[in-house]
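A.B. asks: pasting the structure only:
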């Protein structure tokens with residue numbers, strides 16, 4: 001029974017220490033994203049956001065093109 005009490009104290013102590021170490025980054029992000037610099041919201045985060053946006057657009061366009069190709073290929077009559 002004593003082991004369970006020690007385990008409970010250890011768990012409570014571990015959770016209470018991690019909450020003190022975490023820092024609130026919300027005000028920094030709000031300042032960054034509400035800044036009026038003429039950039040769209042999806043690329044205000046910097047280079048990583050721009051790369052992720054371009055990668056997503058590339059995959060979307062390639063997927064759309066492949067879907068259209070597959071539909072056209074499926075519409076051809078068999079010889």
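C.D. replies: Yep, it's here. In this text, all values refer to a predicted model and were calculated from it rather than measured experimentally.
A.B. asks: just how off-centre is stretch 22-32 within its chain?
C.D. replies: Chain-centre distance of stretch 22-32: 16 Å, with C-alpha atoms, centre = their mean, to the nearest Å.
A.B. asks: Can you name the residues in contact with that stretch?
C.D. replies: 44, 45 (C-beta atoms under 8 Å, 6 or more residues apart in numbering). In this view, the C-beta of every residue, glycine as well, is placed from N, C-alpha and C.
A.B. asks: Any regions of this protein where pLDDT drops low?
C.D. replies: Applying pLDDT under 70 to the chain picks out residues 4, 7, 10, 12-20.
A.B. asks: switch to 80 and redo it
C.D. replies: 1-21, 79 (pLDDT under 80).
A.B. asks: Show me which helix runs longest in it.
C.D. replies: Assignment by DSSP state H gives helix 47-75 as the longest helix of the chain.
A.B. asks: Which secondary structure elements does that one sit against?
C.D. replies: If contacts are counted by 3 or more C-beta pairs under 8 Å, 6 or more residues apart in numbering; DSSP states H and E, helix 47-75 sits against no helix or strand.
A.B. asks: which parts of that helix are buried?
C.D. replies: Buried residues in helix 47-75, counting neighbours by 16 or more other C-beta atoms under 10 Å, are absent.
A.B. asks: Quickly find the element holding residue 45.
C.D. replies: For residue 45, there is no helix or strand it lies in under DSSP states H and E.
A.B. asks: Next, count neighbours for it.
C.D. replies: 15 (other C-beta atoms under 10 Å).
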